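In: let me see the structure of the following:
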Amino acid sequence: METGPFVFFGLLLVAEVLGTIGGFGSSMLVMPLAGWFLPFDQALGLTALFHVFSNGAKIFLFRNGVSRKLLLWLGIPAVLGVLIGARLTIFLDQQLLAGLMGGVLVVMGIGLLLNSAWKLQATTNNALTGGAISGLIAGLAGTGGAIRGITLAAFDLEKIAFVSTSAWIDMGVDLSRSAVYASQGFMTPAVLVYLPAMAVASITGSWIGKVALERIDQDNFRRIVLVLVVVMGLITLAQSLWGGSPNV
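Out: As a prediction, this is how the structure comes out:
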């Protein structure tokens, strides 16, 4: 990676702030960005490790709002899904997966912005299905936060509870996929050298995002989530179509 460490640190910091505000975590932002600088498998490894730090910071900062019921309904199928998806990464075309993921995010995000009154029904089946799909996509393409975010939104959680519950689920997801990625050789020295920067950016960005989130009302919160989903879907789709741009 030839880009200066300060530039990369800045990107991680911005991604963490926006991911915290959005409530779905920073992997939706970090994965497309990392894909411009690293091969897809190493980008998966970096994103998983960064998100472990990120989730730890959010669990501490938003520790009073977790929904234990949704933690079980979404969290268990999400962990099972990510284990399957992470293992499949060595067999499937990653560029195609990234393109499909980007397209799904764009269509889903725009559809929900245009029809803001629509949302999933708050049922146990939808929670289980959303958790499993978000985990599977996280393992395959590095980010399943949008699916999890849309599923959580069905239950009308207060914004602090939304972020807290999402962070706890994500911690299980990212610890699980980190173990699988490491066993498949994705955690190279090119990834591990950025551990200190990842730790500082995740903690600092989560704190800044928390301060910003406290100033955003609940109506604007959902809108911000969906706009970020569309933006990162477009970035992921462009990266897939252009084949990324390593060593920028």
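In: low-confidence ranges, this protein, go.
Out: Within the chain, the stretches with pLDDT under 70 are 1-5, 22-25, 28, 116-118, 218-219, 221-222, 225, 243-248.
In: helices along that one, start to end?
Out: Ranges of helices within the chain are 5-22, 27-37, 40-61, 68-88, 94-114, 124-141, 145-153, 159-183, 189-192, 195-213, 218-242, based on DSSP state H.
In: check which residues of the third one are buried.
Out: Which is helix 40-61. 40-59, 61 (16 or more other C-beta atoms under 10 Å). The C-beta positions use only the backbone N, C-alpha and C, and glycine is treated the same way.
In: which helices and strands sit right next to it?
Out: Judged by 3 or more C-beta pairs under 8 Å, 6 or more residues apart in numbering; DSSP states H and E, helix 40-61 is in contact with helix 5-22, helix 27-37, helix 94-114, helix 159-183, helix 189-192, helix 195-213.
In: OK, contacts around the residue nearest in space to the middle of the chain?
Out: By C-alpha atoms, centre = their mean, the chain has its centre lying nearest to residue 27, at 3.1 Å. Neighbouring residues of residue 27 by C-beta atoms under 8 Å, 6 or more residues apart in numbering: 19, 47-48, 50-51, 138, 142-145, 170, 174.
In: one more pass at 10 Å, please.
Out: Counting by C-beta atoms under 10 Å, 6 or more residues apart in numbering, residue 27 touches 15, 19, 34, 44, 47-48, 50-51, 54-55, 138, 141-146, 170, 173-174, 177, 232.
In: before we move on, what about residue 234?
Out: For residue 234, the contact set (C-beta under 10 Å, 6+ apart) comprises 32, 102-103, 105-106, 109.
In: 8 Å instead, please
Out: So residue 234 contacts 102, 106 (C-beta under 8 Å, 6+ apart).
In: and it, how close does it get to residue 227?
Out: Note on residue 234: its distance to residue 227, by C-beta to C-beta, to the nearest Å, is 11 Å.
In: ok, back up a step: residue 238: which of the helices and strands packed on helix 40-61 is closest?
Out: Proximity to residue 238, assessed across the helices and strands packed on helix 40-61 by C-beta to C-beta, is greatest for helix 94-114 (7.5 Å).
In: these two touch, right, residue 165 and residue 73?
Out: No: assessed by C-beta atoms under 8 Å, residue 165 is found out of contact with residue 73, at 10.2 Å.
In: neighbour count: those two, which is higher?
Out: residue 165 (25 against 22; other C-beta atoms under 10 Å).
In: tell me how far that one lies from residue 67.
Out: Residue 165 is 5 Å from residue 67, where distance means C-beta to C-beta.
In: shared neighbours, the two?
Out: With C-beta under 8 Å, 6+ apart as the test, residue 165 and residue 67 both reach residue 157.
In: now for the residue lying closest to residue 15 once chain neighbours are set aside, how many residues are close by?
Out: Closest residue to residue 15 in three dimensions, ignoring its sequence neighbours and counting by C-beta to C-beta, 6 or more residues apart in numbering: residue 29, at 3.7 Å. For residue 29, the tally of surrounding residues (other C-beta under 10 Å) stands at 26.
In: right, and residue 29 touches residue 20 too?
Out: No: using C-beta under 8 Å, residue 29 is not in contact with residue 20, being 10.4 Å away.
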